[in-house]
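Novice: fold the following.
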Amino acid sequence: MNKVRYGILGSGFMGRTHAEAIRHLDNAELTAVAVGSRATTLAADYQVELCHSAAELIARPDVDAVIIATPQFAHVEEALLAAQQGKHLFIEKPMTTSVADADAIIEACARRGLSLSVGYQQRYRAVPAAAHKLLQSQAIGQVHTIQFNQVFQLFTDPGFGGDWSWWSNPASIGHILAGGVHAIDLCRWLLGADVTSVFGHSRTFRESHEPENTTMGLLTFDNGTIMTLWASSACPAPGFPGQVFRALLMGEKGMIDMDAYASLQIADEGIWRTVAQQPPVNTEHADTAFRQPRMQAYIDQLAAYTDATIAGEPPPVSGEDGRIGVAVALALLESSHTGQAVDLK
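Specialist: Numbering: from 1, shown residues only. Have a look, this model is predicted:
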């Protein structure tokens, strides 16, 4: 294989994002899309085949890999069907809504030698990538604490043509699973460490029928780092400036201020200095969301997965990474329900 032919399940915000990312890769091609009210428009815009079901797309001989960009409660059924037919899998976060479902997908792909990855594009943004390099070089020594804020409003530009109603479906579980897994994965990657225990409090602050949309958690890592996580999609407008995806890291010999949507600052010599910048992402506007600079992280992410799939090598983000994000997010919800810390060791 010298080119990966992709099919996309899901025609909303992330389906279009991946369709646009594929367009920038020389060794990838989009051949078909299916599922969702915007599938007809997406297929026409990218001049590819429109399939009338997930099964029809998965069965196509010109689809080598399936990108799953449907709501998370649909992932396991679609992924297992794709694996059964020998298709490589790239699954948008969160991987699944249960650990058992994630295990089933991992096992199905491993049994058939299929490439499996999960969409954690924050690893590919300029500021988190630079922070990773600093931490790997021990620039601030052992990281003692992390304060992570992930607080935003659900953007509502009608130009996207969809809505957030699937987030309100109890089957979606909640915001900590749908979005908080980004912070969980990123800190695991930054530290090169795993979460050993969590304690969480979760609430719903919008409509009463919604699942969880705000969680405050305390996470402990196996290297000794303690992390607080404030993850919410219920913040009133205009929100807190600079707190959409921001982490303050305190180490034994310095500090890092990582705003994934603005700048990376380090204080390792007694003063703060800026070492990396992220151009405005403009996710919330339909006329900018599918252009640069937002798209670069998705292009780089899919390029890494495509290269690994062609080479027959494990992708940088594994199915196990996806599974762990699900396990930690659900453990925070369990802790909130029981009032007890949850041991993940």
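
Novice: please, where are all the strands along the stretch 1-150 of the chain?
Specialist: Under the criterion DSSP state E, counting those that start in this stretch, strands of the stretch 1-150 of the chain are mapped to 4-9, 28-34, 49-50, 65-68, 88-92, 116-119, 143-151.

Novice: what about residue 268, neighbour count?
Specialist: Residues near residue 268, counting by other CB atoms under 10 Å, number 17. C-beta here means a position set from N, CA and C on the backbone, and glycine is covered the same way.

Novice: whoops, residue 137 was the one
Specialist: Neighbours of residue 137 (other CB under 10 Å): 8.

Novice: also residue 338?
Specialist: Using other CB under 10 Å: residue 338 sits among 9 other residues.

Novice: quick check, pLDDT for it.
Specialist: On pLDDT, residue 338 comes in at 98.

Novice: over to the one 3 residues further on?
Specialist: The pLDDT attached to residue 341 in the predicted structure is 98.

Novice: show me the shaky parts of this protein.
Specialist: Counting by pLDDT under 70, the chain contains no low-confidence segment.

Novice: kindly list the longest helix within it.
Specialist: helix 319-338 (DSSP state H).

Novice: who's in contact with residue 342?
Specialist: 197, 198, 199, 331, 332, 334, 335 (CB atoms under 8 Å, 6 or more residues apart in numbering).

Novice: and what about the first one, helix, strand or coil?
Specialist: Recorded secondary structure, residue 197: strand (DSSP: H, G, I helix; E, B strand; the rest coil).

Novice: give the contact list for it.
Specialist: By CB under 8 Å, 6+ apart, the neighbours of residue 197 are 219, 220, 341, 342, 343, 344, 345.

Novice: ditto for residue 227
Specialist: So residue 227 contacts 145, 146, 147, 148, 187, 218, 219, 220, 221 (CB under 8 Å, 6+ apart).

Novice: got these as JSON lines, with neighbour count and distance to residue 138 columns?
Specialist: Formatted as JSON lines, these follow (neighbours: other CB atoms under 10 Å; distance: CB to CB, whole Å):
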{"residue": "145", "neighbour count": "14", "distance to residue 138": "17"}
{"residue": "146", "neighbour count": "24", "distance to residue 138": "16"}
{"residue": "147", "neighbour count": "14", "distance to residue 138": "21"}
{"residue": "148", "neighbour count": "24", "distance to residue 138": "21"}
{"residue": "187", "neighbour count": "23", "distance to residue 138": "17"}
{"residue": "218", "neighbour count": "16", "distance to residue 138": "25"}
{"residue": "219", "neighbour count": "25", "distance to residue 138": "22"}
{"residue": "220", "neighbour count": "19", "distance to residue 138": "21"}
{"residue": "221", "neighbour count": "19", "distance to residue 138": "16"}
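
Novice: nearest to residue 296 among these?
Specialist: residue 187 (22.0 Å; CB to CB).

Novice: other SSEs contacting the one helix or strand the closest one maps to?
Specialist: According to DSSP states H and E, residue 187 maps onto helix 181-191. Where contact means 3 or more CB pairs under 8 Å, 6 or more residues apart in numbering; DSSP states H and E, helix 181-191 is packed against helix 126-136, strand 143-151, strand 214-221, strand 226-232, strand 246-251, helix 319-338.
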